[in-house]
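Enquirer: Okay, here's the prediction I keep looking at, along with the sequence it came from:
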Amino acid sequence: MRLPALVSREDIISLEKKYVWPPYTSSELHETRQPLVIVSAEGDYLEDANGKRYIDGVSSWWSRTLGHNPPRLKAAMHRQLEELIHVAAGGMTHAPVALLASELAQVAPTGLIRTHFSDNGSTAVEVAVKIAFQYWQQNGRPGRHRFIALSGAYHGDTLGAASLASIEEFNRVYGPLLFEIVRPPDVSAGWDKVLSGIEHQLLTRQDEIAGVVIEPLIQGASGMQIHSPEVVARLRELTQRVDTFLIADEVFTGYGRTGTMWAVDQARVTPDLMCLGKGFTAGMLPMAATLATGRVYDGFRGGDERALMHGHTFCGHALGAAVAREVLAIYREEPILEGVAKRAETVARFFHERIARLPGVRRVRTLGSVGAADLGDSGYRGRVGPKVYEAALRLGAYLRPLGDTVYIAPPLNVDERVLDTLLETLEAAIIAATH
């Protein structure tokens, strides 16, 4: 694809530097760094204004679970464009959102039968926190106003979601605005101590704890830190013992990223609330959801004063719902999850047999289609990871590191030959950056 005749690559960069405020980027860096100017994306690849192609090794911040420009999702969007795009959710509904909610109830962990729609993963988590808090306020446990969240947690950038996070680079400056979180021991102390710490807090403060929030199996933004399904199962047991809520943030891990449709499936548990995003529309449109059990929903029965006081202009967006329904249809009709299992073997073998042996690599881990390697101990301030990023771009892959943690999280249906090339490119980029 070419740029419009009246706008050049240089024009775009100039306008971007003058008028855009990009995420996670200092003003000075924004004004001095040369961004990629992407003009098209297809399948596993991005193409820039110079005609160079890059493997999208992180599926555009983990959202393009089915690759770029998937024909079925484009067709579903076009069909819906001809019928209904958006109306307010207040007192109105439509077929796409009603059908989507019913289909989610069929595929979700047993018991999650109610869906509140929103527009991004952070908001999905924010809604879950507000639901849990309000439930206890109006159902006999008003002292329950605290949440337990793990060290290394990241649940989004809105203030409620940021309160749950413990990655200082993301939320330190906003400290005075955030609410207090109960933290168990750091995960570096080992999961037995983490779980013992949570058990102690739940038993001694059960009149205060409204819920426990977890990214099941993988803590993504903290460096792809992986834990076992037994951790999730144990948290379900502990929360049930004191009758409080387990909130599963599946914004990253849902839709097959860990090898099963939902990460909690591997623990054989149903959380009380589950947050979805990213893969919800396979990155086609900004839409998300918070799923709840019937018990949680029933806690809002009564007069208007007991209603969930949360809503967005774009709640239940018809166009997004149509695309999200087609995503579920693809998972029903195509071997997406089976393909993840096969690709997971390739990723695990390459990381453990080749990446782990490279000079400078401290530790590797893999789960599902995700593979990660630590190149230092400097976290988000590390400088080796960014060197890998630059080397990978030169070699034809887009790999955005988490500080000194480099990783891949390609589309779940990435072509197997492209996956081989991506892994070899990562290996070569690490070698280039560490020498």
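Expert: Cool, the structure landed.

Enquirer: Check what pLDDT Arg2 gets.
Expert: The confidence metric pLDDT takes the value 63 at Arg2.

Enquirer: so where is this structure shaky, pLDDT-wise?
Expert: Within the chain, the ranges that satisfy pLDDT under 70 run 1-6.

Enquirer: can you pull the contacts of the residue nearest the centre of the chain?
Expert: For the chain, Phe252 is the residue whose C-alpha lies nearest the centre (C-alpha atoms, centre = their mean; 2.5 Å). Taking C-beta atoms under 8 Å, 6 or more residues apart in numbering, we find Phe252 in contact with 62, 121, 215, 218, 220, 278. Glycine gets a C-beta too; all of them are placed from N, C-alpha and C.

Enquirer: what does His86 give?
Expert: Residues in contact with His86 (C-beta under 8 Å, 6+ apart) are 314, 317-319.

Enquirer: related to what we said a few turns ago, so which of the contacts of Phe252 is the closest to Ala397?
Expert: Trp62 (15.7 Å; C-beta to C-beta).

Enquirer: shouldn't the closest one be in contact with Pro410?
Expert: No - using C-beta atoms under 8 Å, Trp62 makes no contact with Pro410, being 9.9 Å away.

Enquirer: Please identify which of those two sits among more neighbours.
Expert: Counted by other C-beta atoms under 10 Å, Trp62 and Pro410 do not tie: Pro410 has more neighbours, with 28 against 22.

Enquirer: who touches the closest residue to Leu66 other than its chain neighbours in this structure?
Expert: Using C-beta to C-beta, 6 or more residues apart in numbering and skipping residues adjacent in sequence, the residue nearest Leu66 is Ala282, 4.3 Å away. Contacts for Ala282 (C-beta under 8 Å, 6+ apart) come out as 63-66, 70, 73, 255, 323, 327.

Enquirer: Walk me through the domains of the protein.
Expert: According to automatic domain parsing, the chain comprises the domains 36-69+336-434, 72-333.

Enquirer: And these: which comes nearest Thr25?
Expert: Short answer: domain 36-69+336-434, nearest of the domains of the chain by C-beta to C-beta, at 11.9 Å.

Enquirer: chain center to the closest one: distance?
Expert: Between the centre of domain 36-69+336-434 and the centre of its host chain there is 16 Å, according to C-alpha atoms, centre = their mean, to the nearest Å.

Enquirer: likewise stretch 324-340?
Expert: On C-alpha atoms, centre = their mean, the centre of stretch 324-340 falls 18 Å from that of its chain.

Enquirer: One more: stretch 291-306?
Expert: 27 Å.

Enquirer: again, but for stretch 170-185
Expert: 20 Å.

Enquirer: Between the two ends of it, how far is it?
Expert: Stretch 170-185 has an end-to-end distance of 20 Å (criterion: C-alpha to C-alpha, to the nearest Å).

Enquirer: going forward, begin numbering at 356 instead of 1
Expert: Yep, numbering from 356; the last one is stretch 525-540 now.

Enquirer: on that earlier part again, now distance to Tyr374 too, for the domains of the chain, in CSV please.
Expert: CSV is the format used below for the domains of the chain (distance: least, C-beta to C-beta, whole Å):
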stretch, distance to Tyr374
domain 391-424+691-789, 15
domain 427-688, 21
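
Enquirer: Which among those domains is found nearest to Tyr379?
Expert: Comparing the domains of the chain under C-beta to C-beta, the one sitting nearest is domain 427-688, at 8.7 Å.

Enquirer: buried ones in stretch 773-783?
Expert: 773-774, 776-778, 780-783 (16 or more other C-beta atoms under 10 Å).

Enquirer: go on, stretch 723-735?
Expert: 723-731, 734-735.

Enquirer: Which one of those is nearest to Gly758?
Expert: Tyr735 (4.0 Å).

Enquirer: Now do the same for the closest one: helix, strand or coil?
Expert: Assigned state for Tyr735: helix (three-state reduction, DSSP: H, G, I helix; E, B strand; the rest coil).

Enquirer: mind checking how far it is from Pro377?
Expert: 17 Å (C-beta to C-beta, to the nearest Å).

Enquirer: sorry, back to before: sort out for me which of the contacts of Phe607 are in helices.
Expert: Counted as lying in helices by DSSP state H, out of these, are 417, 476.

Enquirer: Narrow the contacts of Phe607 to those that are buried.
Expert: 417, 476, 570, 573, 575, 633.
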